[in-house]
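>>> structure, please.
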Amino acid sequence: MENILLTIDIILAVLLIILILIQKSEGGALGLGISQDSFMFSRTAGDFFSRSTAVVATLFIICSLSLTIISRQDLPSSSSIIDKIEENEDDNTPKIPKNNN
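Here you go, the predicted model:
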């Protein structure tokens, strides 16, 4: 199950990167900046890419969180460090000798 989620997570990450780079670059940043002339209805294409990016990003986050939850189940249950110190003090506490004067 963990391997399947990891594969889906990688595919969603690559798809998310591609969707972000395809979008129109409004600020002149790192986007490819596909011009408005390349689409017949550029506003519809922009809305489609924005919505699909939001859906893929949401799926990526859900997949990543579920992968984290599944992998946490393999770890041993943690206890408080104070409890461990108290257990060790009971067993190995040196005894103070009594003064026989």
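
>>> now do the helices in this protein.
If you assign secondary structure with DSSP state H, the helices in the chain sit at 2-22, 42-72, 81-92.

>>> grab the nearest non-local neighbour of Cys63.
On the basis of Cβ to Cβ, 6 or more residues apart in numbering, the spatially nearest residue to Cys63 that is not a chain neighbour turns out to be Asp9, at 4.7 Å. (C-beta placed from N, C-alpha, C; glycine too.)

>>> let me see the contact set for that neighbour.
Asp9 sits next to 60, 63-64, 67 when contact means Cβ atoms under 8 Å, 6 or more residues apart in numbering.

>>> quick one: it and Lys24, what's the gap?
Distance, Asp9 to Lys24, by Cβ to Cβ, to the nearest Å: 27 Å.

>>> just Leu5 next, same as before
Per Cβ to Cβ, Leu5 is found 32 Å from Lys24.

>>> roughly how far apart are the residue nearest to Cys63 and Ile17?
Distance, Asp9 to Ile17, using Cβ to Cβ: 13 Å.

>>> show me where the chain dips below the pLDDT cut-off.
Low-confidence segments of the chain, defined by pLDDT under 70: 25-46, 75-94, 101.

>>> thank you, goodbye.
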